[in-house]
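K.L.:
curious how this folds, go ahead:
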Amino acid sequence: MTDSQYLDVKLKLRDTESVVLTPGYLSGCILNSLDNLFGEIGGRTSLDIVKFSAADRRLILRVPQEFVERARIAVTLIGHYQEVPCHFQVLKTSNKQLDFDDVGL
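P.N.:
Numbering: from 1, shown residues only. Below you'll find the predicted structure:
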């Protein structure tokens with residue numbers, strides 16, 4: 001995918017034991033936030049999870065350049081994941097593919 005940005009995102013949950021963390025659920029949560037904030041944009045954009053770690057609660061998203069700001073806003077405004085209070089933190093954004101080792105946290 002050309003003209004894409006990569007976002008390294010960490011999910012912080014109040015209760016980690018009561019959720020099922022999968023790429024499909026995470027993608028749906030982010031697309032739902034995009035749809036709620038910006039209308040039909042969530043259905044028109046391709047948002048790919050290119051790397052995922054359930055243990056670290058991190059994911060690398062690939063987003064088309066024209067939707068980066070909206071995706072970043074939608075991700076950071078999510079307040080619940082599977083009805084558990086949470087917040088998503090964008091650790092890094094890059095036009096080159098990221099890896100979890102790229103951010104020393």
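K.L.:
quick one, what contacts Val68?
P.N.:
5, 7, 93 (C-beta atoms under 8 Å, 6 or more residues apart in numbering). Placement of C-beta: from N, CA and C, glycine included.
K.L.:
swap in 10 Å and give it another go.
P.N.:
4-7, 61, 93, 95 (C-beta atoms under 10 Å, 6 or more residues apart in numbering).
K.L.:
give the PyMOL command for selecting the buried subset of the residues you listed.
P.N.:
The following PyMOL line selects those of the contacts of Val68 that are buried, judged by 16 or more other C-beta atoms under 10 Å:
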select buried, resi 4+5+6+7+61+93
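K.L.:
out of the contacts of Val68, flag the one nearest to Thr16.
P.N.:
Within the contacts of Val68, proximity to Thr16 (C-beta to C-beta) peaks at Leu61, which comes in at 20.5 Å.
K.L.:
hmm, back to that, want to try JSON lines for the contacts of Val68, with distance to Gly39 and pLDDT as columns?
P.N.:
Formatted as JSON lines, these follow (distance: C-beta to C-beta, whole Å; pLDDT from 0 to 100):
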{"residue": "Ser4", "distance to Gly39": "22", "pLDDT": "93"}
{"residue": "Gln5", "distance to Gly39": "21", "pLDDT": "95"}
{"residue": "Tyr6", "distance to Gly39": "25", "pLDDT": "95"}
{"residue": "Leu7", "distance to Gly39": "21", "pLDDT": "95"}
{"residue": "Leu61", "distance to Gly39": "20", "pLDDT": "95"}
{"residue": "Thr93", "distance to Gly39": "23", "pLDDT": "93"}
{"residue": "Asn95", "distance to Gly39": "27", "pLDDT": "92"}
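K.L.:
list of residues touching whichever helix in the chain runs longest?
P.N.:
Taking DSSP state H as the criterion, the chain has its longest helix at helix 23-38. Here helix 23-38 makes contact (C-beta under 10 Å, 6+ apart) with 7, 9, 11, 19, 22, 40-45, 47-52, 54, 57, 59, 61, 63, 67, 70-71, 73-82, 86, 88.
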